[in-house]
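Undergrad: fold the stuff below for me.
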Amino acid sequence: DAERAEIETRRNNTRWWRVYGEGEFGEAEGRIYTGWQEIDEIPHEARLERYGLDFGYDPDPAAITAIYYYNGGYILDEVFYQRRIDNPGLAGFLKNLPPALVVADSAEPKSIDEIRLFGINIVGAQKGQDSKRYGIKTLQALRISVTKRSVNLLKEYRNYYQLIDRRTNNPVMGETDGKDDLLDSARYGLCSLVPVIKRKEILAHIPRFPNLPQFNPI
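TA: Sure thing, here's the model as predicted:
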């Protein structure tokens, strides 16, 4: 009943309703992310790279996504999605996870500083003008898989749309429609990896001369 009620609330989004309300096949037009693959579990060879953290309390939950690199793509794994959790509670949860850098929403510097006091390796996501749109475009260009146990993340993925101005029927640039707590956490973590990826790509194409000192990606 709750799922039906939620679907009914989006009846005015004709593109979304055509697929999820009327049951037509295919991906609804206007979805921001498409083509992500569901996988049963994280391969043993996958390398944990980051945790993305989106702060929340109530009604929006705090959300943490683990980000793995595997075979040229990235795997997202929902590890935390809970309301009414304070910063010491978040720090305690992060303490019990395998160690990796946490990239959090930089809009809450006090929360980042407080969590850092508990010994968590945490930094704020880099933000600037159009950073959300840039981040979305970055994720759209990556090969991404999601674990099947990431129920809330998959739900956000399937219901995340470009916001449309109802008066003009045109996209509102940089604006989105749908819950995105876990998607935001994934965006923070993945975008923090882009400079590292590009640096490695650049260094890989620099000729190596045997008589000159070599330098390696960090």
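
Undergrad: was I right about residue 42 contacting residue 76?
TA: No: counting by CB atoms under 8 Å, residue 42 stays clear of residue 76, with 10.0 Å between them. To be clear about C-beta, it is placed using only N, CA and C from the backbone, and glycine gets the same treatment.

Undergrad: give me the common contacts of the two.
TA: 68, 147 (CB atoms under 8 Å, 6 or more residues apart in numbering).

Undergrad: of these two, which one has the most company?
TA: residue 76 (28 against 17; other CB atoms under 10 Å).

Undergrad: count the neighbours of residue 108 for me.
TA: 17.

Undergrad: kindly report the same for residue 70.
TA: Using other CB under 10 Å: residue 70 sits among 17 other residues.

Undergrad: ok, it touching residue 44?
TA: No: counting by CB under 8 Å, residue 70 does not reach residue 44; the two are 9.9 Å apart.

Undergrad: so the residue at minimal distance from the centre of the chain, which state does it fall into?
TA: What sits nearest the mean C-alpha location of the chain, by CA atoms, centre = their mean, is residue 186, with 1.8 Å. Put simply, residue 186 is helix when judged by DSSP: H, G, I helix; E, B strand; the rest coil.

Undergrad: quick one: pLDDT of it?
TA: pLDDT recorded at residue 186 is 97.

Undergrad: which residues are in contact with it?
TA: 52, 65, 67, 76, 139, 153.

Undergrad: tell me which helix or strand the nearest residue to it once chain neighbours are set aside sits in.
TA: Distance criterion CB to CB, 6 or more residues apart in numbering; nearest residue to residue 186, sequence neighbours excluded, is residue 65 at 4.5 Å. Assigned by DSSP states H and E, residue 65 belongs to strand 62-70.

Undergrad: elements contacting that strand?
TA: Contact here means 3 or more CB pairs under 8 Å, 6 or more residues apart in numbering; DSSP states H and E; on that basis strand 62-70 packs against strand 47-54, strand 73-82, helix 87-95, helix 181-204.

Undergrad: can you count the residues close to residue 89?
TA: So residue 89, with other CB under 10 Å, has 12 neighbours.

Undergrad: make that residue 138, sorry
TA: Residue 138: 15 neighbours (other CB under 10 Å).

Undergrad: what of residue 8?
TA: Residue 8: 10 neighbours (other CB under 10 Å).

Undergrad: let's verify it: helix, strand, or coil?
TA: Quick answer, by three-state DSSP: residue 8 is helix.

Undergrad: now the residue nearest to it when sequence neighbours are not counted: how far from residue 168?
TA: Counting by CB to CB, 6+ apart, residue 21 is the residue found nearest to residue 8 once chain neighbours are left out, at 8.0 Å. Remark: distance between residue 21 and residue 168 (CB to CB, to the nearest Å) = 23 Å.

Undergrad: and those two? Which one has more around it.
TA: In this view residue 21 and residue 168 are compared by other CB under 10 Å, and residue 21 has more residues nearby, 15 against 8.

Undergrad: surely the more buried one is in contact with residue 7?
TA: Yes: assessed by CB under 8 Å, residue 21 is found in contact with residue 7 at 6.0 Å.
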